[in-house]
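Engineer: Build the 3D model from these lines:
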Amino acid sequence: MALISSNLGGGRRSNIFDPFSLDIWDPFEGFPFSSVLANVPSNTDRETPAFVSTRIDWKETPQAHILKADLPGLKKEDVKVEVEEGSVLQISGERNREQEEKNDKWHRVERSSGKFLRRFRLPENAKMDEVKASMENGVLTVTVPKEEVKKPEVKAIEISG
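Structural biologist: Numbering: from 1, shown residues only. Got it, this is the predicted structure:
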């Protein structure tokens, strides 16, 4: 049930007590000039990190693992959900930047664009061949059913003597 980082440079744990928490490391986090970077003109090829590191909720119910991602403005054709060997679930997609007209003057660009990729290693009890995904109102829901937990059979042994 570990999160596999999509950042090749490594990561940092957002919660040191949660061994499965691994976020993308931002070397400029907390620096005074980081707010200045938000006003960089849109003609640079800078992608908005908010979309690149799309946040995903993962909950486990008795029947399934359910992952939800907010992907406003994306169609289901813009998103891929794939299953890899070793119980790895991969969710990826891309939001293209809005076309710029020559006469347009942008005052602010805050909506995110670019590619995202998230990978999750699911536990052994996940039925990877029965994964289902749906998209409604910009929310992607991926449901991974769980195998029934077989209770160990207990056999009473008669004590002689």
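
Engineer: What segments of the protein are helices?
Structural biologist: Taking DSSP state H, the helices of the chain run over residues 49-52.

Engineer: Output the below-cut-off pLDDT ranges for it.
Structural biologist: Low-confidence segments of the chain, defined by pLDDT under 70: 1-53.

Engineer: let's go with 90 and repeat that
Structural biologist: Low-confidence segments of the chain, defined by pLDDT under 90: 1-55, 72-74, 84-87, 94-116, 124-125, 148-154, 161.

Engineer: where exactly do the strands run in it?
Structural biologist: According to DSSP state E, the chain carries its strands in the segments 3-4, 11-12, 23-24, 56-60, 64-70, 79-84, 88-95, 114-121, 132-136, 139-145.

Engineer: Now do the contacts for residue 126.
Structural biologist: Counting by Cβ atoms under 8 Å, 6 or more residues apart in numbering, residue 126 touches 65, 87, 144, 145, 146, 147. (Each C-beta comes from the backbone N, C-alpha and C, glycine too.)

Engineer: rerun at 10 Å
Structural biologist: 1, 60, 64, 65, 83, 87, 89, 120, 144, 145, 146, 147 (Cβ atoms under 10 Å, 6 or more residues apart in numbering).
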